[in-house]
Structure formats: structure tokens, C-alpha cells
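**Q** here are the coordinates; sequence isn't available:
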């Protein structure tokens with residue numbers, strides 16, 4: 001296998017010397033509309049070599065750092081509980097070694113496995129959630145473990161006032177009412193992000209980015225596109241602002257590469273991941 005297929009660009013560092021460890025979670029077993037996000041990890045690795053390792057936004061180059069891409073986890077297609085258990089195990093290993101785990105999904109349910117591990121490691125944490133969808137249902141189609149319930153399951157272990165949502169523009173009436181009482185939600189954009197970050201000083205924070213927070217005109221390659229999203233520049237600015245908080249884990253999910261034959265969505269995901277890594281370093 002060539003280096004281009006084996007790792008995300010310039011992320012071929014050894015585990016021991018790397019402060020940030022990437023791994024893929026190729027699971028989309030509860031996708032309710034358009035599956036395919038399980039192919040995101042392989043797609044971004046292959047296509048990442050189409051962009052530069054240098055970020056003109058941050059004046060940093062991935063080539064100047066040690067970053068480990070540990071590859072994709074081996075996850076069972078039809079067993080969400082087992083998939084989450086393996087994600088939790090990997091995330092806990094990375095975090096326990098004093099490194100920052102960066103998971104590439106996969107559908108958004110994978111976040112629950114990672115958050116469970118981060119809570120075990122650090123105890124009291126806060127979650128920043130960028131998404132088009134609230135993901136706060138208690139169950140979906142009779143299932144409590146679903147991409148549509150993932151933030152509700154995260155709330156089960158963090159409690160009130162620890163989940164901060166941005167870009168949300170799709171939810172049920174029940175989710176909207178429940179969110180008002182239990183989470184902090186900014187609909188449609190990132191306008192209040194700076195104030196939120198100031199309030200998170202001294203906190204351990206997990207960041208989850210569902211790429212469908214982007215408008216479909218910029219990112220059509222996803223399972224549940226929602227018109228009215230943020231721009232790429234808005235998202236990158238939000239990612240860069242993460243440098244002012246103590247980010248102890250993160251994920252980028254819901255790229256379904258085959259729904260965008262132009263490949264632009266995959267390259268967009270690559271740039272988001274590059275900027276996130278360099279913000280963490």
C-alpha cells in the first residue's frame with residue numbers, strides 16, 4: 001500500500017511521538033436517509049494529497065509536526081453497541097496516553113463512543129456541537145442508539161448545561177422544546193460562539209463537527225443535507241477559534257463522499273481536518 005493510501009497527508013508520525021492521533025470510525029449502521037459515511041476515512045486519506053500541507057490561515061505546516069494516523073477501526077456493520085464499545089476503547093487509549101484523539105466518522109452516532117471515553121478520562125466535560133441537526137431525540141424508529149439521538153445520549157452522561165450547539169436548523173418540535181431546558185443552542189450560525197468559548201475557560205472540551213452544518217451548496221456530499229447552512233469560511237473561523245480552549249478530543253463526521261461526484265465535498269472535509277489538526281498543535 002502506498003503512503004498516500006495509508007495515512008492522511010503528512011500524518012505518518014509514530015504513535016509515541018505524536019500529540020494528535022487520527023483514527024477512522026467507518027460506521028453508518030443507523031443512517032436513516034442516505035448511507036455511505038463509512039467510506040469517509042478512506043476517501044479523505046486518498047484525496048488529502050490534492051491539497052497542501054501548509055495552512056495560509058495559520059501559517060503552519062503539517063510537515064513540521066508529528067501526527068499519527070492510526071487508520072480505521074475494524075467495526076461491525078450491524079452492531080451499534082459493539083461499534084461504540086470499540087470506539088470508546090480506542091479513544092480512551094489515546095486520551096490516557098496524554099494525546100488528543102481526532103476521529104473521522106462515519107455517521108454521527110460514533111461521537112457517543114468517543115464522548116463516553118473522554119468522560120471516563122476527564123470526568124466533567126463540555127461538548128461543542130456543530131451541526132445542521134439537533135440530534136436530541138430520545139429514540140428514533142424505536143432505537144435509542146441512532147445518529148438522530150446521539151446528543152441526547154451524550155446528555156445522559158454530561159447532564160444539563162454542558163452541551164453547546166451551533167448551526168442547528170433542523171429538529172422536531174419536541175426536540176426544540178427539550179433543548180430549551182437542557183442544552184445551550186444557537187440556531188443557524190456561530191454568532192455567539194466567542195461568548196461561549198470565553199465561558200469555557202478552564203474546562204475540558206470535546207468538539208464534534210457534523211459537516212452538514214455547511215450549506216449543501218458548499219458540501220453536498222452528506223447523508224442528510226439541509227439548506228440554510230454556514231459557509232466554509234464561517235466553519236474554518238470557528239475551528240480556528242478552538243485554539244483558545246482546552247480541547248481534549250474531537251471528531252469530524254458525516255462526509256458521504258459518493259453523493260458528490262465532483263469530489264469537492266471530500267476536499268472540503270480534508271481542509272477542515274487539516275485546519276483542526278493545526279489548531280490543536
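**A** Ah, there it is. Everything numeric in this text was worked out from a predicted model, so none of it was measured. Residues are numbered from 1 along each chain as shown.

**Q** Off-centre distance for stretch 68-84?
**A** For stretch 68-84, the distance between its averaged C-alpha position and the chain's averaged C-alpha position is 15 Å (CA atoms, centre = their mean, to the nearest Å).

**Q** What of stretch 121-140?
**A** Counting by CA atoms, centre = their mean, stretch 121-140 comes out at 11 Å from the chain centroid.

**Q** Could you do stretch 272-281 as well?
**A** For stretch 272-281, the distance between its averaged C-alpha position and the chain's averaged C-alpha position is 12 Å (CA atoms, centre = their mean).

**Q** just stretch 130-143 next, same as before
**A** Relative to the centre of its chain, stretch 130-143 is centred 16 Å away, using CA atoms, centre = their mean.

**Q** Now do the buried residues in it.
**A** Using 16 or more other CB atoms under 10 Å as the test for burial, stretch 130-143 gives 130-137, 140. Any C-beta I mention is one placed from the backbone N, CA and C, and that applies to glycine too.

**Q** List just the nearest of these to residue 225.
**A** Proximity of those to residue 225 was ranked by CB to CB; the top entry is residue 132 with 8.0 Å.

**Q** give the contact list for that closest one.
**A** Remark: with contacts taken as CB atoms under 8 Å, 6 or more residues apart in numbering, residue 132 is in contact with 167-170, 210, 212-213, 224-226, 229.

**Q** Residue 194: which of these is nearest?
**A** Each of the contacts of residue 132 was scored against residue 194 by CB to CB, and residue 167 proved nearest at 15.0 Å.

**Q** what helix or strand is the closest one on?
**A** Under the criterion of DSSP states H and E, residue 167 resides in strand 163-168.
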